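Colleague: Below: sequence and its predicted model.
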Amino acid sequence: MGVDTMTFDSDVFGRPSIEIIPFELVEEILEYAQYSPTGIVDRKSLRSCSLVCKSWTWKAQRLLFANVVLFKSYELITFRETLVQSTEKADFLRASVKQLLVKTDQGSPTDLRPITIHMVAETIIFCPNLEVLELEFFSSRFPNPSTLDLLTVAPPFQTLLIYNNSTQGQVLYEVLNCFPHLRFLTIDRHELRDFQIKNRKAPFALYELAWTARGVPPPEFMAWLLGGSQDSLQILSFRETPDVQIFNSIIDNHFHTLRSIRLESSGDIEHARAIRICSRLEEVQIKTYPSPYLVLALLNSPSLEHFSFCGTDQTAKSNLLDSVIELIVSLPKIRVVTWSMCLPEDHEDFQRILEVCRSRRVQFRYFADRLGRFPGEVCLRLHFESTVLTHISFKQEPMIEVKKFPRFMRHSNRRPKPRYPWNFNDNS
């Protein structure tokens, strides 16, 4: 489809009249132009690239349509009508879609027909290369059998993010039952109620679960959700630290596979005891200073490589910081320490941790996000002499398999992270 090189006129010095840009290099240029420095798809740049020449057009447009966002019913209807056509354009569009974000049951004064789950199901069956589906529910309308049948034959995408704005848990349960190929799952927004478990375990084996919904997950729902993931679950995240009973139940079933645990707080001594038995743990992230119980549980951990904590000058306490320093010194494999919402750089305690990281040749990352979120992966300043990385913006990390923690921001779920000089940890 078009030529795969670019040509230029010869210059006044008589140098060759044709310079060839290999097709692979064109791909590299366009894929790095796909995202802005903050990790958001740069649609303006991709549109400009598509106008450079014929050899750039189809590749830039493929990247442009790789991430599709549909908030209104007329957008979804137009998109679906294009997909079902028997044209070259429709073939190209069907093959291009990798990630789809849809808000269902969301009407507006000018949008009298809200998007339903059935409309989404009718659309995704025409996206054979779909890898990531993001759904936002706004009502508790139960999907009919024909909708569930369509979802069952959907492409085998592995990543699902559900923003559940309804407390109706049965809708979520029925939808999840339709996707046996899931490996990465995020459940956000409201807590779940009013559901009935029909099967002993979910039909999928998860690699990562991020429970960022309000409230702790119901024990029976969590038992079903992770029932098929005994030998696969490696990353576990909670917006709110679950109670001891639920947490112990999860750890008892997955301690031999878990590599990363992310919690709101350190919990109590029972949480620390549960974390201690995770024999493969490589990463721990918490949004507070670590409790003495957690520090004791992690001391001399044979596998921990990344420790991330959060704290401000209002909550800083020397004894807690002493515990963090003791942890850094004791861990034999520690490579990276992340401090979010940290103290000012000239603060005495900040300098203490910095010096400890320098002495152990540990990479120290820090940034100040006043919302207390986990660190992003946008490197905006680098100090080679002190191995300090400064992160001052937030971007949710991609849900992909990881070899080394922390999991760095990649340009997409399908490409290795670029090997820039600051890439001390290559997850590719």
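Modeller: Now that the structure is in, tell me what you want to look at.
Colleague: just checking, Leu209 is part of a helix?
Modeller: No: per DSSP: H, G, I helix; E, B strand; the rest coil, Leu209 lies outside any helix segment and is strand.
Colleague: pLDDT score assigned to the nearest residue to Ile197 once chain neighbours are set aside?
Modeller: Distance criterion C-beta to C-beta, 6 or more residues apart in numbering; nearest residue to Ile197, sequence neighbours excluded, is Trp224 at 5.0 Å. C-betas here are computed from N, CA, C, even on glycine. Looking at Trp224, its pLDDT is 94.
Colleague: in what helix or strand does Trp224 lie?
Modeller: In this assignment (DSSP states H and E), Trp224 forms part of helix 219-225.
Colleague: Could you point out the helix or strand that follows that helix?
Modeller: strand 235-238.
Colleague: next helix or strand past that following strand?
Modeller: Remark: after strand 235-238, the chain's next helix or strand is helix 244-254, criterion DSSP H and E.
Colleague: Pull out the buried residues from that next one.
Modeller: 246-251, 253-254 (16 or more other C-beta atoms under 10 Å).
Colleague: Run through who's touching it.
Modeller: 216-217, 219, 222-223, 226, 229-230, 233, 236, 241-242, 258, 267-268, 270-271, 274-275, 277-278 (C-beta atoms under 8 Å, 6 or more residues apart in numbering).
Colleague: Which strands border the helix or strand following it, and is each parallel or antiparallel?
Modeller: Downstream of helix 244-254, the next assigned helix or strand under DSSP H and E is strand 260-263. Strand 260-263 pairs in its sheet with strand 235-238 (parallel), strand 283-286 (parallel), by DSSP bridges.
Colleague: how far is strand 260-263 from where the chain is centred?
Modeller: Chain-centre distance of strand 260-263: 14 Å, with C-alpha atoms, centre = their mean, to the nearest Å.
Colleague: pull the CA atoms of whichever helix or strand comes after that strand into PDB?
Modeller: Counting by DSSP H and E, the element after strand 260-263 in chain order, helix or strand, is helix 269-276. What follows is helix 269-276, C-alpha atoms only, in PDB (Å, rounded to 0.1, in the frame of the first residue of the first chain):
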ATOM      1  CA  ILE A 269       0.600  -7.000  62.300                       C
ATOM      2  CA  GLU A 270      -1.600  -9.600  60.700                       C
ATOM      3  CA  HIS A 271      -1.200  -8.000  57.300                       C
ATOM      4  CA  ALA A 272       2.600  -7.900  57.800                       C
ATOM      5  CA  ARG A 273       2.600 -11.600  58.700                       C
ATOM      6  CA  ALA A 274       0.700 -12.500  55.500                       C
ATOM      7  CA  ILE A 275       3.100 -10.400  53.300                       C
ATOM      8  CA  ARG A 276       6.100 -12.100  55.000                       C
END
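Colleague: In terms of secondary structure, what does helix 269-276 contact?
Modeller: If you count contacts as 3 or more C-beta pairs under 8 Å, 6 or more residues apart in numbering; DSSP states H and E, helix 269-276 packs onto helix 244-254, helix 292-298.
Colleague: Is it possible to get CSV of those helices that adds distance to Leu64 and mean pLDDT?
Modeller: As requested, the helices and strands packed on helix 269-276 are exported to CSV (distance: least, C-beta to C-beta, whole Å; pLDDT from 0 to 100):
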stretch, distance to Leu64, mean pLDDT
helix 244-254, 39, 94
helix 292-298, 45, 92
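Colleague: where are the low-confidence patches of this structure?
Modeller: Along the chain, segments meeting pLDDT under 70 span 1-20, 37-39, 105-113, 138-140, 166-168, 190-191, 312-318, 341-342, 367-398, 408-428.
Colleague: Show me the strands in it, by range?
Modeller: Using DSSP state E, the strands assigned to the chain run over residues 67-70, 99-103, 132-137, 159-164, 184-189, 208-213, 235-238, 260-263, 283-286, 306-310, 336-340, 363-367, 379-383, 388-391.
Colleague: what's around the residue nearest to Val153 when sequence neighbours are not counted, how many residues?
Modeller: Spatially, and ignoring its direct neighbours in sequence, Val153 is nearest to Ile125 (6.2 Å; C-beta to C-beta, 6+ apart). Per other C-beta atoms under 10 Å, the neighbour tally for Ile125 reads 18.
Colleague: my guess is Ile125 contacts Pro155, does it?
Modeller: Yes: if you go by C-beta atoms under 8 Å, Ile125 and Pro155 touch, sitting 7.4 Å apart.
Colleague: circling back: need the helices and strands packed on helix 269-276 in TSV (columns: distance to Val102).
Modeller: Shown next, in TSV, are the helices and strands packed on helix 269-276 (distance: least, C-beta to C-beta, whole Å):
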stretch	distance to Val102
helix 244-254	30
helix 292-298	39
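Colleague: how about those helices, which one is nearest Leu327?
Modeller: For the helices and strands packed on helix 269-276, the distance to Leu327 is smallest for helix 292-298, at 5.3 Å, taking C-beta to C-beta.
Colleague: Show me the contact partners of stretch 123-131.
Modeller: By C-beta under 8 Å, 6+ apart, the list of residues contacting stretch 123-131 reads 76, 79-80, 83-84, 94-100, 102, 133, 150, 153-155, 157-159, 413-414.
Colleague: out of these, which are buried?
Modeller: 76, 79-80, 83, 94, 96-100, 102, 133, 150, 154, 157-159, 413.
Colleague: Just the helices from the stretch 301-428 of the chain, written as ranges.
Modeller: Using DSSP state H, counting those that start in this stretch, the helices of the stretch 301-428 of the chain run over residues 318-330, 348-359.
Colleague: about what we covered before: now the residue nearest to Val153: how far from Ser146?
Modeller: 12 Å (C-beta to C-beta, to the nearest Å).
Colleague: Mind giving me the ChimeraX command for buried ones among the contacts of helix 244-254?
Modeller: Those of the contacts of helix 244-254 that count as buried under 16+ other C-beta under 10 Å are selected in ChimeraX with:
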select :216,217,222,223,226,229,233,236,241,242,258,267,271,274,275,278
